[in-house]
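K.L.:
what's the 3D shape of this:
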Amino acid sequence: MTAALLLLLQAATATPPERIDLTLTATTAGCKGPAGDEVVVCGGRASSYRLQPLEREPRLMPIPKAEVKLFGGKAAAAVETEAAAMPNGNTSNRLMARIKLPF
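P.N.:
Numbering: from 1, shown residues only. So this is what the prediction gives:
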């Protein structure tokens, strides 16, 4: 607790921080050098590093089946869920564990 307080006191200053102007300008003449103490960043719109817009509707991946092979693949255990509407308007959420044996 004391260390955190000391770090906060160390970061405090008597004067407010300098205001930074982040004016964006679009130019077609190319990238010109900085004037004075400016910082100039140049870049193109079509870059391979830019993120592309997302699709309107994302592709939903199907949920894999929760199944495990038992006894060298001869049997399988699976877990499934389902929901059913009850006559009083409530929803009954169910969990079913199954063991499948070949015969």
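K.L.:
Centre of the chain to stretch 14-34, how far?
P.N.:
Taking Cα atoms, centre = their mean, to the nearest Å, the mean C-alpha location of stretch 14-34 is offset from the chain mean by 31 Å.
K.L.:
now do the same end-to-end measure for that stretch.
P.N.:
Length of stretch 14-34, first residue to last, Cα to Cα, to the nearest Å: 31 Å.
K.L.:
Tell me which residues are up against that stretch.
P.N.:
Stretch 14-34 is contacted from outside by 40, 42, using Cβ atoms under 8 Å, 6 or more residues apart in numbering. Heads up, the C-betas are built off the backbone N, CA and C, glycines and all.
K.L.:
how about residue 68, what does it touch?
P.N.:
Counting by Cβ under 8 Å, 6+ apart, residue 68 has contacts 76-78.
K.L.:
Burial check on residue 102, number of neighbours?
P.N.:
Counted with other Cβ atoms under 10 Å, residues neighbouring residue 102 total 7.
K.L.:
quick one, strands of the protein?
P.N.:
Under the criterion DSSP state E, the chain carries strands at the ranges 67-70, 75-85, 91-100.
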